[in-house]
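J.: pasting the sequence and the predicted coordinates here, then a few questions.
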Amino acid sequence: MVVKAEHPEALLASFVAGTLPPEENELVLAHLETCDACLQITEQFWETAPWHGNLVEAARSDELLEE
């Protein structure tokens, strides 16, 4: 199902979680290229996602291992 919306805010959380079908994913990606407002919302979802902290911690661990 492809949802066509001027601003796909309802899809942004699913986009960040990686759970959108490919067609909707492409729709959101294309929209984010031209819409700073939706890009900002997407970045907020990314920063507050429960797994984000784990990724940040893993990146720090990798940096320490390289030193």
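T.: Structure received.

J.: show me what counts as buried in the helix or strand harbouring Glu47.
T.: Per DSSP states H and E, Glu47 falls inside helix 36-48. Neighbour-count burial for helix 36-48, counted by 16 or more other C-beta atoms under 10 Å, picks out 38, 41-42. C-beta: built from backbone N, CA, C; applies to glycine.

J.: quick one: which of these is nearest Ala30?
T.: Cys38 (10.9 Å; C-beta to C-beta).

J.: low-confidence ranges, this structure, go.
T.: By pLDDT under 70, the low-scoring segments of the chain are 1-5, 50-67.

J.: thinking again about what came up before, include distance to Ala17 when you put the buried residues of helix 36-48 into TSV, please.
T.: Formatted as TSV, these follow (distance: C-beta to C-beta, whole Å):
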residue	distance to Ala17
Cys38	16
Ile41	14
Thr42	11
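
J.: now, which of these sits nearest Pro22?
T.: Out of those, the member with the shortest distance to Pro22 (by C-beta to C-beta) is Thr42, at 17.6 Å.

J.: any idea how far the closest residue to the closest one other than its chain neighbours is from Glu33?
T.: What sits nearest to Thr42 in space, not counting adjacent residues and going by C-beta to C-beta, 6 or more residues apart in numbering, is Leu12, at 5.1 Å. Distance check for Leu12 against Glu33: by C-beta to C-beta, to the nearest Å, it reads 14 Å.

J.: and those two? Which one has more around it.
T.: Leu12 (22 against 8; other C-beta atoms under 10 Å).

J.: checking that one next. Helix, strand or coil?
T.: helix (DSSP: H, G, I helix; E, B strand; the rest coil).

J.: so who does it touch?
T.: Counting by C-beta atoms under 8 Å, 6 or more residues apart in numbering, Leu12 makes contact with 28, 38, 41-42, 45.
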